[in-house]
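Q: dropping the sequence and predicted coords here.
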Amino acid sequence: MKQRKDLFAATVAVLAVLGVGGLVIAAVLNAQSAGRHRLGQVQVAQVEELARSMDTRAAQVFDAFQGFLSTPYNATLRDPQDAVRLKQLQDLNPKATTGFFIVNKQGVVVNGTLLREPGVIGTKLNRPGLASVLAGKPAFLPVGPGITTTLPTIAYAYP
């Protein structure tokens with residue numbers, strides 16, 4: 001009888017230890033999951049904050065350049081007045097390694113500064129995002145091939 005009591009007590013003790021161990025493991029796994037979820041929330045919040053900051057900067061850039069666009073460009077092939085205005089923009093940063101260019105409503109390059117190949121004037125520009133700009137919405141164009149540099153470029157584009 002005493003042996004049965006001892007065996008029963010030992011069994012209950014083992015079950016209690018296993019139960020507590022199971023609860024500890026469940027708590028650790030739950031904490032790990034909650035920590036990962038919270039980390040994900042923090043990362044999303046950081047990205048959203050960065051996006052808001054970049055939106056503010058983009059709006060400031062568009063506003064800053066809006067003065068250059070208060071007088072519309074002629075946007076005709078090799079227009080001398082447009083060339084003078086583009087040169088004035090280019091002269092604001094004499095060490096620039098990229099330039100400016102104008103496309104007409106059909107997306108044809110009509111004038112530019114620091115063009116790698118002067119023969120690009122008169123050709124249609126194929127650039128992602130350009131269609132929405134030509135439709136009337138200023139935008140940052142995604143990274144794409146440059147016509148004023150051999151490196152990939154982004155573009156501030158105004159209709």
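A: The structure has been received and is ready for your questions. Residues are numbered from 1 along each chain as shown.

Q: so the chain: which segments form each domain?
A: For the chain, automatic domain parsing gives the domain ranges 1-70, 71-157.

Q: shaky segments in the chain?
A: Scanning the chain for pLDDT under 70 picks out 1.

Q: what's the biggest helix in it, counting residues?
A: helix 2-66 (DSSP state H).

Q: what packs against that one?
A: strand 152-157 (3 or more C-beta pairs under 8 Å, 6 or more residues apart in numbering; DSSP states H and E). Where you see a C-beta, it was placed from the backbone N, CA and C, and this is true even at glycine.

Q: and the strand it packs on, what does it pack onto?
A: helix 2-66, strand 139-145.

Q: residues in contact with that strand?
A: Residues from elsewhere that reach strand 152-157 (C-beta atoms under 8 Å, 6 or more residues apart in numbering): 61-62, 65, 98, 127, 129-130, 133, 138-146.

Q: just the CA coordinates for it, please, in PDB.
A: C-alpha atoms of strand 152-157 as PDB (Å, rounded to 0.1, in the frame of the first residue of the first chain):
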ATOM      1  CA  PRO A 152      20.000  55.000 -63.900                       C
ATOM      2  CA  THR A 153      18.100  58.100 -62.800                       C
ATOM      3  CA  ILE A 154      14.900  59.200 -61.100                       C
ATOM      4  CA  ALA A 155      13.100  62.300 -62.500                       C
ATOM      5  CA  TYR A 156      11.000  65.100 -61.100                       C
ATOM      6  CA  ALA A 157       8.400  65.500 -63.900                       C
END
